[in-house]
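>>> Test case, fold it:
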Amino acid sequence: MEVTVVERAFGELLAAFGDLVVARTRGSPEEGASVSTTTLARRYRGRRRAFDGMLEAGLVPMTGEDARAISNMRATLPWLDELEPTPGAHPTAGSATDEDPATAHLRTALYRRFGEVADRVRIRSLTIDRVTALGRLGTERDAAARRSLFEAMAPLWRVVDGDGGEASPYRRLLRSSAARWAAHGAPIEANAVALGMPAGSIEGMLLELLAAWRNVIGPGRVEPWDYRFAVGAAARRLARLVPADRLQETNDRYLAALGADPDVLGLTYDIRPRPGRPPIPVAFTLGMGAWAAGQPADGPWTPRPPWVFATYAEGGIANLLELLHESGHAIHMAAVRTRPAFLDFPEVSAGFLEGTADVLGWDVDEPDWQRRWLGEAAEPREAILDRYGAVMLDVCWALFEIELHRHPDRRPNDVWTEITSDGLGIEPHPEWSWWAVRGQLIDLPGYLANYALSAIMAAAVRARILARRGPWFEGDPGWYRFVSEALFVAGASQTPAELLRTFLGGPLTAEPLLADMARSM
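Residues are numbered from 1 along each chain as shown. Just a heads-up that it's a prediction; the model follows:
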């Protein structure tokens with residue numbers, strides 16, 4: 001079988017996947033919808049199983065780019081299968097799709113339950129969602145009210161970790177993923193190497209970042225419900241300038257000023273809560289495959305415009321940053337111009353994808369950006385604390401998963417307490433599973449480390465853009481084309497390490513991030 005035939009089927013598979021996820025995420029069918037979710041699921045699963053058959057049918061011997069094309073398509077399948085399990089599809093050794101059926105069912109059911117509880121955090125007579133509750137920990141000025149907010153998320157912790165004992169749902173899942181990591185290698189390590197970092201360097205690098213952070217925040221200690229408040233002065237100062245109904249408008253105006261107008265690119269956003277829409281535990285951006293009509297299978301295809309999904313019941317700096325981060329994913333997907341085999345990325349590229357999104361999202365924490373787009377700016381130290389306060393939590397989650405997958409019999413609360421006490425200066429509370437507020441811990445073990453890796457990459461890429469073009473925070477119509485040509489257009493046809501080394505002029509290191517953090521000293 002010719003590779004071009006397989007590639008066309010792959011492009012159609014991605015399109016079918018996108019259509020299915022959009023329909024499921026939007027919930028209530030839109031008026032006039034002609035295809036049911038059941039039909040879309042049947043279409044996707046049929047194409048997924050057929051694609052397995054194509055790969056097994058016997059391909060014409062190939063070398064060079066064609067061989068890499070087949071390899072990349074194979075490498076994206078575990079990612080698709082983890083998000084949309086397909087009965088009859090062949091599992092990939094070492095991926096979550098290779099779990100025994102009982103564990104796979106537990107993982108799916110626990111993630112669903114997590115989403116349901118995360119959407120209903122009760123504060124006395126008030127019901128809010130997890131994202132809103134976490135955001136308010138940074139803006140609520142009353143310490144007692146912050147503690148009440150913090151403890152209101154206890155039902156979410158119990159869903160994930162039970163009483164923290166051997167029967168904990170999370171610990172049952174951990175034993176499964178730890179066995180996979182031991183047999184097939186840790187995805188955190190693979191993702192770091194994919195960015196061009198030396199093998200075995202990531203844990204030491206993350207510890208170095210935490211040590212530098214303690215120098216920034218000082219030796220004092222805070223309660224866990226006060227940490228976000230301690231680093232959230234910028235959020236409090238600017239919250240009134242970013243109400244929920246300004247999130248989309250601010251996002252769109254800024255993208256247009258960078259030459260990435262969402263209307264021109266065809267980006268679609270579904271970010272406000274509404275009746276009939278299922279819970280969205282984690283904001284995400286979805287690629288939709290590519291336009292195939294009239295296109296040669298071995299030539300550039302035009303990506304179908306991506307979708308951005310989130311739930312923003314309130315505004316604020318944190319939600320604006322997350323929205324711009326998701327827009328960073330969207331403009332990346334919209335810029336890809338390559339053959340169908342390289343339209344999607346393997347799991348090992350997740351750190352690179354999150355990093356390209358952070359390059360844009362981090363603009364929200366620049367005082368010059370704030371002054372131009374919000375009309376008022378935080379103090380420089382406040383802005384640095386706001387940016388890296390969240391990043392260092394991601395560093396802690398990365399170290400948490402590294403240690404637990406190395407020693408799965410350890411009690412997660414004990415590991416989390418050690419890391420956050422030393423790294424963040426947080427008072428120890430091993431009686432609480434307050435680490436259990438991230439859905440990725442359930443459905444994508446190891447994924448949270450990509451946010452730490454992406455911070456290292458984003459700082460380096462932003463420093464390089466600044467050196468080559470100067471500041472862009474007030475608008476730069478050529479910014480999108482410049483970044484796209486360097487990092488986006490190639491899709492997965494070049495590895496992240498190749499793209500970064502060419503753009504940065506050398507290997508990726510943590511030095512730019514450490515230098516950026518030091519601006520607060």
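>>> ok, and for the host helix or strand of residue 170, which residues are buried?
For residue 170, the element it lies in under DSSP states H and E is helix 169-184. Neighbour-count burial for helix 169-184 flags 169, 170, 171, 172, 173, 174, 176, 177, 178, 180, 181 (criterion: 16 or more other Cβ atoms under 10 Å). C-beta coordinates here come from the backbone N, C-alpha and C atoms, glycine included.
>>> ok, of those residues, which one's closest to residue 329?
Using Cβ to Cβ, residue 177 is the member of the buried residues of helix 169-184 that sits closest to residue 329, with 24.8 Å.
>>> For the helix holding residue 170, give me every contacting residue.
93-96, 98-100, 103, 106-107, 110, 159-162, 165, 187, 404-406, 408, 412, 436, 441-442, 445-446 (Cβ atoms under 8 Å, 6 or more residues apart in numbering).
>>> Please flag which of those sit within helices.
103, 106-107, 110, 159-161, 187, 404-406, 412, 441-442 (DSSP state H).
>>> Would you write out the ChimeraX command that picks the buried residues out of those residues?
Burial among those is assessed by 16+ other Cβ under 10 Å; the matching ChimeraX selection reads:
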select :106,107,110,159,160,161,187,404,405,412,441,442
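>>> can you list the ones in helices among the contacts of helix 169-184 in JSON lines and add distance to residue 382 and pLDDT?
Shown next, in JSON lines, are those (distance: Cβ to Cβ, whole Å; pLDDT from 0 to 100):
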{"residue": "103", "distance to residue 382": "44", "pLDDT": "91"}
{"residue": "106", "distance to residue 382": "43", "pLDDT": "93"}
{"residue": "107", "distance to residue 382": "39", "pLDDT": "91"}
{"residue": "110", "distance to residue 382": "37", "pLDDT": "95"}
{"residue": "159", "distance to residue 382": "34", "pLDDT": "96"}
{"residue": "160", "distance to residue 382": "32", "pLDDT": "97"}
{"residue": "161", "distance to residue 382": "34", "pLDDT": "97"}
{"residue": "187", "distance to residue 382": "35", "pLDDT": "93"}
{"residue": "404", "distance to residue 382": "33", "pLDDT": "98"}
{"residue": "405", "distance to residue 382": "36", "pLDDT": "98"}
{"residue": "406", "distance to residue 382": "37", "pLDDT": "97"}
{"residue": "412", "distance to residue 382": "32", "pLDDT": "98"}
{"residue": "441", "distance to residue 382": "30", "pLDDT": "96"}
{"residue": "442", "distance to residue 382": "33", "pLDDT": "95"}
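>>> Closest one to residue 489 out of the ones in helices among the contacts of helix 169-184, please.
Using Cβ to Cβ, those come closest to residue 489 at residue 187, 26.5 Å.
>>> Find the nearest non-adjacent residue to that closest one, please.
residue 446 (4.1 Å; Cβ to Cβ, 6 or more residues apart in numbering).
>>> Show the pLDDT at that neighbour.
Residue 446 is assigned a predicted lDDT (pLDDT) of 94.
>>> One more: residue 296?
So, for residue 296, pLDDT stands at 57.
>>> cool, residue 87 as well?
pLDDT recorded at residue 87 is 86.
>>> Am I right that it is in contact with residue 45?
Yes - counting by Cβ atoms under 8 Å, residue 45 is a contact partner of residue 87 at 7.2 Å.
>>> Between the two, which has more neighbouring residues?
Set residue 87 next to residue 45 and count neighbours by other Cβ atoms under 10 Å: residue 45 wins out with 19 against 7.
>>> In space, what's closest to that one - neighbours in sequence excluded?
Of all residues beyond its chain neighbours, the one nearest residue 45 is residue 86 (4.6 Å), with distances taken as Cβ to Cβ, 6+ apart.
>>> ok, that neighbour - contacts?
The contact partners of residue 86, taken as Cβ under 8 Å, 6+ apart, are 44, 45, 48, 49.
>>> at 7 Å what do you get?
Residues in contact with residue 86, defined by Cβ atoms under 7 Å, 6 or more residues apart in numbering, are 45, 48, 49.
>>> JSON lines please, covering these and showing secondary structure and pLDDT.
Formatted as JSON lines, the contacts of residue 86 follow (DSSP: H, G, I helix; E, B strand; the rest coil; pLDDT from 0 to 100):
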{"residue": "45", "secondary structure": "helix", "pLDDT": "95"}
{"residue": "48", "secondary structure": "helix", "pLDDT": "94"}
{"residue": "49", "secondary structure": "helix", "pLDDT": "93"}
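>>> Redo the residues you listed as TSV? Include distance to residue 510.
Shown next, in TSV, are the contacts of residue 86 (distance: Cβ to Cβ, whole Å):
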residue	distance to residue 510
45	42
48	39
49	43
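>>> what about the stretch 301-450 of the chain, any weak spots by pLDDT?
Residue ranges of the stretch 301-450 of the chain with pLDDT under 70: 301.
>>> one more time with 90, if that's ok
In the predicted model, the stretch 301-450 of the chain carries pLDDT under 90 at residues 301-304, 313-314, 338-340, 343, 347, 443.
>>> what does the stretch 151-300 of the chain give?
Ranges of the stretch 151-300 of the chain meeting pLDDT under 90: 273-282, 288-300.
>>> What segments of it are strands?
268-270, 284-286, 290-291 (DSSP state E, counting those that start in this stretch).
>>> Give me the contacts around the first one.
Right, strand 268-270. Strand 268-270 is touched from outside by 26, 248, 305, 307, 308, 309, with contacts defined as Cβ under 7 Å, 6+ apart.
>>> So which of those belong to strands?
Among the contacts of strand 268-270, the residues falling in strands (DSSP state E) are 307, 308, 309.
>>> export these to CSV and tack on distance to residue 287 and neighbour count?
Below are the ones in strands among the contacts of strand 268-270 laid out as CSV (distance: Cβ to Cβ, whole Å; neighbours: other Cβ atoms under 10 Å):
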residue, distance to residue 287, neighbour count
307, 9, 22
308, 11, 22
309, 12, 20
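>>> Let's have the contacts of strand 268-270 in a markdown table, adding distance to residue 347.
Shown next, in a markdown table, are the contacts of strand 268-270 (distance: Cβ to Cβ, whole Å):
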| residue | distance to residue 347 |
| --- | --- |
| 26 | 26 |
| 248 | 30 |
| 305 | 24 |
| 307 | 21 |
| 308 | 21 |
| 309 | 20 |
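>>> Among those residues, find me the one that's closest to residue 475.
When the contacts of strand 268-270 are compared against residue 475 (criterion: Cβ to Cβ), the nearest one is residue 248, at 18.1 Å.
>>> How about that closest one: what's its closest non-neighbour residue?
Nearest one to residue 248, counting by Cβ to Cβ, 6+ apart, is residue 269 at 6.2 Å.
>>> How about residue 246?
Spatial nearest neighbour of residue 246, chain neighbours left out: residue 315 (6.2 Å); criterion: Cβ to Cβ, 6+ apart.
>>> thought that neighbour was touching residue 240?
No - taking contacts as Cβ atoms under 7 Å, residue 315 lies outside contact range of residue 240: 8.8 Å.
>>> More neighbours: the two, which one.
Using other Cβ under 10 Å, the more surrounded residue of residue 315 and residue 240 is residue 315, with 21 against 11.
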